[in-house]
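Trainee: The sequence and its predicted three-dimensional model are supplied below.
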Amino acid sequence: MIKGYDFIGIAAIPFLHDGKGKYLVGLRTDKCRDEHFTWEPLGGGGVKFGEKIEDAIKREVKEETGSEPFNLEYLGMREPIREHDGKKTHWIAFDYRAEVNPDEVKIMEPDKCAEIRWCTIEEIPTPRHSQFDLFLESYKNKL
């Protein structure tokens, strides 16, 4: 059984920032589950059974960037339902904003992340993951 396909997946999605107006984005590789070569917020992923959402964020950020997130701010919840390769996917995403020390950030999963960039909201490159613009629109008054 595959989370998000065979049953609803629960995701924890942080939008990492440096505390000075720059956000961290990563370019997905062709080894990711879907939406290859699109930009996305780094540090997000599925919540494991028995794991609290904020603990999932801390784990995922450490796994993907090597840094420890702090100042976690809950933004809201989204329910992405979309189609990928002809199959419907369904997730519930808990969205956060979290600060990291830019000096600690590096690509920890080069098979999944080809490049990282620090940028303002206006500078976020394209093409973007299909959920990224929805994320930005949902929280434009909180970012």
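Mentor: That came through, no problem. Residues are numbered from 1 along each chain as shown.

Trainee: Report the helix or strand with the lowest average pLDDT across this structure.
Mentor: None of the helices or strands of the chain scores lower by mean pLDDT, DSSP states H and E than strand 81-84, at a mean of 86.

Trainee: Need the contact partners of it.
Mentor: Applying CB atoms under 8 Å, 6 or more residues apart in numbering, the contact partners of strand 81-84 are 34-35, 88-91, 130-131. C-beta here means a position set from N, CA and C on the backbone, and glycine is covered the same way.

Trainee: Closest one to residue 18 out of those, please.
Mentor: Nearest to residue 18 out of the contacts of strand 81-84 is residue 131 (CB to CB; 22.6 Å).

Trainee: which non-adjacent residue is nearest the closest one?
Mentor: In this structure, residue 131 finds its nearest non-sequential neighbour in residue 80, 5.2 Å apart by CB to CB, 6 or more residues apart in numbering.
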